[in-house]
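# Give me the fold of what follows.
(one chain, ligands or ions: 2)
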Amino acid sequence: MTAIIGAGAFGTALAAALSVQQPVTLWGRSLPKGRTTPRLPGVVLPDAVTLTTDLATALEGQTHVILALPAQALRDFLAVEGLRLDGRGRWLVNTAKGIDLTTGESPSSLIRAACPAALIATLTGPSFAADIARGLPTALTLASGDAGLPALQHALSTPTLRLYRSDDLRGAELGGALKNVIAIAAGVAIGAGFGDSARAALITRGFAEMSRLSTALGARADTLAGLSGLGDLVLTSTSELSRNFRFGRALGAGEGFDASVTVEGAATARAVRGLAAAKGIAMPVAEAVAALAEGRADVAETLETLMSRPLKEE
Ligand SMILES: NC(=O)C1=CN([C@@H]2O[C@H](COP(=O)(O)OP(=O)(O)OC[C@H]3O[C@@H](n4cnc5c(N)ncnc54)[C@H](O)[C@@H]3O)[C@@H](O)[C@H]2O)C=CC1
Ligand SMILES: O=C(CO)COP(=O)(O)O
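Ligands and ions are numbered 1, 2, ... in the order given. Below is the predicted model:
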């Protein structure tokens, strides 16, 4: 049995997808009426999904718990509920794609600190909630350094959700977090009218940044080149369905953006700065996104900064 914590777009989509083959309990701090959520319009949850706002009920007897909360909400949630989530032999599966702005920690590091007895994994990769909820074919990475990963992989795979396992938890999480930053940059390029060639350059140079930082932090290069890194970078930087891309596009076009929409890359771009500085790694695209998101630079200045960097070898 699986519990999903967080009834936003991704939690709702995973509940719908997993409930084809097992009972699923979906917990939300509040639940809209009618087995639907405005975060995922058009999706009605099947009867096999039990909905609850009571966390104790949601967790009772669960061996698999999926956390579908935004990265910047996770630390506070764990501070209150960590003890309740923890359990020897229980899998806690993170799906947040970000880096905590206050601590610079990855979601799984926060979970490990709050829930020391549990087994920790991350489910990540190219997968829009809307696609998963509709049962469209999706391939994802399930990463963990803990024993028993193949059994978890089988428990969470479905005929339309194909999970590849990896023991590089660090790399899988960093790829998922950093691709959101680059997707914002790609959106800016399109919103500002810089064109598809500029977007391709940002994706490629952004991937180089992602790889440099991640490998310096202990990730494997082949993980970055996989679904959780390059795969998700391609999806998020090229699709109108991506909130990070749309946020960037609005920034580039000088338009406003609904502050209630989850845009993980904006906070992660700021969190990256400390990590990159500590390792002496240049991250010009991520720095440009942080400057734009914080309103420290406008699009023209940002372009000038990026294009006037010293010429170098690729
Ligand atoms: N939507 C998508 O297509 C995908 C999202 N993800 C990742 O999943 C994570 C969650 O994203 P979404 O579900 O899309 O966001 P969302 O904005 O649709 O939903 C977030 C949910 O978290 C709840 N929440 C926020 N703070 C909370 C707190 N302190 N305590 C309890 N509940 C809280 C909100 O009420 C909301 O129901 C993000 O890190 C995102 O990058 C990953 C893959 C795909
Ligand atoms: O991570 C995602 C797809 O893999 C979702 O991207 P957005 O958060 O940009 O919508």
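# For Lys312, the count of nearby residues, please.
Lys312 has 6 neighbours, counted by other CB atoms under 10 Å. Backbone N, C-alpha and C define where each C-beta goes, glycine included.
# can you start the count at 19 instead of 1 from here on
Got it, first residue is 19 now, which makes that one Lys330.
# does any part of the helix or strand encompassing Thr140 sit near ligand 1?
In the assignment (DSSP states H and E), Thr140 maps to strand 137-142. No: judged by CB under 6 Å from any ligand atom, strand 137-142 stays clear of ligand 1, getting no closer than 7.0 Å.
# Just the CA atoms of stretch 194-213, as PDB, please.
The C-alpha atoms that make up stretch 194-213 are tabulated as PDB, following Å, rounded to 0.1, in the frame of the first residue of the first chain:
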ATOM      1  CA  GLY A 194      16.100  17.400 -11.300                       C
ATOM      2  CA  ALA A 195      16.700  20.500  -9.300                       C
ATOM      3  CA  LEU A 196      19.100  22.200 -11.700                       C
ATOM      4  CA  LYS A 197      17.100  21.600 -14.800                       C
ATOM      5  CA  ASN A 198      14.400  23.800 -13.500                       C
ATOM      6  CA  VAL A 199      16.900  26.700 -13.300                       C
ATOM      7  CA  ILE A 200      18.000  26.200 -16.900                       C
ATOM      8  CA  ALA A 201      14.300  25.800 -18.100                       C
ATOM      9  CA  ILE A 202      13.700  29.300 -16.700                       C
ATOM     10  CA  ALA A 203      16.600  30.600 -18.800                       C
ATOM     11  CA  ALA A 204      15.200  28.900 -21.800                       C
ATOM     12  CA  GLY A 205      11.800  30.500 -21.200                       C
ATOM     13  CA  VAL A 206      13.500  33.900 -20.900                       C
ATOM     14  CA  ALA A 207      15.200  33.400 -24.300                       C
ATOM     15  CA  ILE A 208      11.800  32.700 -25.900                       C
ATOM     16  CA  GLY A 209       9.900  35.400 -24.000                       C
ATOM     17  CA  ALA A 210      12.500  38.000 -24.900                       C
ATOM     18  CA  GLY A 211      12.400  37.000 -28.600                       C
ATOM     19  CA  PHE A 212      16.000  35.800 -28.700                       C
ATOM     20  CA  GLY A 213      15.000  32.800 -30.700                       C
END
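# List the buried residues of that stretch.
194-210, 212 (16 or more other CB atoms under 10 Å).
# ok, now stretch 278-291?
Buried residues in stretch 278-291, defined by neighbour count with 16+ other CB under 10 Å: Thr280, Val281, Glu282, Gly283, Ala284, Ala285, Thr286, Ala287, Arg288, Ala289, Val290.
# Excluding chain neighbours, give the residue nearest to the second one in space.
Which is Val281. Nearest residue to Val281, sequence neighbours excluded (CB to CB, 6 or more residues apart in numbering): Phe265, at 4.4 Å.
# quick one: secondary structure of the one you found?
helix (DSSP: H, G, I helix; E, B strand; the rest coil).
# Report the spatially nearest residue to the residue minimising distance to the centre of the chain, omitting neighbours in sequence.
For the chain, the residue nearest the mean C-alpha position is Lys115 (2.1 Å; CA atoms, centre = their mean). Nearest non-adjacent residue to Lys115, counting by CB to CB, 6+ apart: Gly194, 3.9 Å away.
# Which strand or helix spans that neighbour?
Gly194 belongs to helix 187-209, assigned by DSSP H and E.
# What residues of the helix or strand just after that helix count as buried?
Note on helix 187-209: by DSSP H and E, the next helix or strand toward the C-terminus is helix 214-234. Neighbour counts over helix 214-234 (16+ other CB under 10 Å) mark 216-217, 219-221, 223-225, 227-233 as buried.
# and ligand 1, which of those contact it?
Counting by CB under 6 Å from any ligand atom, no member of these is near ligand 1.
# which of these lies closest to ligand 1?
Relative to ligand 1, the closest of the buried residues of helix 214-234 is Met228; by CB to the nearest ligand atom it sits at 15.5 Å.
# So the closest one is in contact with Gly189, correct?
No: with contacts counted by CB atoms under 8 Å, Met228 stays clear of Gly189, the gap being 10.0 Å.
# Next, show the common contact partners of the two.
Listed as contacting both Met228 and Gly189 by CB atoms under 8 Å, 6 or more residues apart in numbering are Leu242, Gly247.
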